[in-house]
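>>> Provided below are the primary sequence and the corresponding predicted coordinates.
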Amino acid sequence: MSEVSVRYGSVANGFTARVLDVAPDQWSLTTPCSEWTVRDLVAHVITTQRRVLATVEGGEAMELDPDEDLTRAWAAASGAVMDAVADPETASKTVSGMAGEQPFESLVGRLVCADTLVHTWDLARAIGRDEALDPDAVAHCAEFLGPLDEAIRRPGGFAEKVESPSDADEQSRFLNFCGRAV
């Protein structure tokens, strides 16, 4: 297994743990992404996985049905991304992504891991669960997102950075960079 495959597995497992912790009455709670409920946030992460898969499979991403079981949809989408990134032939296919053409594995290791990791924290915060993130994934995502500072702050992207205290840990600094008040 490649480093990206292992890291994606860790990030996806972290999100899975939080999705499984969502109680039936929590799907309508607000999240740190003020315009999204818990259901909206989980749906966004599933849709991102499906769109990335469509880049390597060709065709259109399967739309999320409004009544779809999000726990099952997440398991299917993350499992499909894991299978694709674990397959050397698929992982090396060139796809178009946010940063232009790149191997599928690179798109997963950068965009998908970053999106899923940040939203893992958002989900944990919204439902009052463990907010700790994989430190290796935090370091990789911070390295990827750092140079994209201005680009990620356009409408629909991250909020303005939050000033980190001098004694903030790496996860807090990363989340503050992503516009999250920790």
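Cool, got the structure. Residues are numbered from 1 along each chain as shown.
>>> residues near residue 19, how many?
As a burial measure, residue 19 scores 21 neighbours (other CB atoms under 10 Å). In short, each C-beta sits where N, CA and C put it, glycine included.
>>> that one against residue 69, yeah?
No - using CB atoms under 8 Å, residue 19 is not in contact with residue 69, being 10.8 Å away.
>>> which residues in this protein form strands?
For the chain, the strands defined by DSSP state E cover 94-97, 100-103.
>>> need the residue closest to the centroid of the chain.
Centroid check for the chain by CA atoms, centre = their mean gives residue 116 as the closest residue, at 1.2 Å.
>>> against residue 95, how distant is the closest residue to residue 159 other than its chain neighbours?
Distance criterion CB to CB, 6 or more residues apart in numbering; nearest residue to residue 159, sequence neighbours excluded, is residue 179 at 3.0 Å. Going from residue 179 to residue 95 by CB to CB, to the nearest Å gives 27 Å.
>>> so between the two, which is more surrounded?
A direct count of neighbours by other CB under 10 Å for residue 179 and residue 95 places residue 95 higher, at 20 against 17.
>>> for the more buried one, which non-adjacent residue is closest in space?
residue 55 (4.0 Å).
>>> ok, that neighbour to residue 108 distance?
From residue 55 to residue 108 the distance is 10 Å (CB to CB).
>>> and these two? Which one has more around it.
The neighbour count for residue 55 versus residue 108, taken as other CB under 10 Å, is higher for residue 108 (30 against 17).
>>> contacts only, for that one.
Shown in contact with residue 108 (CB atoms under 8 Å, 6 or more residues apart in numbering): 4, 8, 52, 81, 84-85, 91.
>>> name the member of these with the most neighbours.
Most crowded among the contacts of residue 108, counting by other CB under 10 Å, is residue 85 at 28 neighbours.
>>> neighbouring strands for the helix or strand bottoming out on mean pLDDT in the chain, and are they parallel or not?
Lowest mean confidence among the helices and strands of the chain (mean pLDDT, DSSP states H and E): strand 94-97, at a mean of 85. Strand pairing for strand 94-97, determined by DSSP bridges: strand 100-103 (antiparallel).
>>> which stretches in this protein count as helices?
Applying DSSP state H to the chain gives helices spanning 3-21, 38-57, 70-86, 88-91, 104-107, 113-127, 135-145, 170-177.
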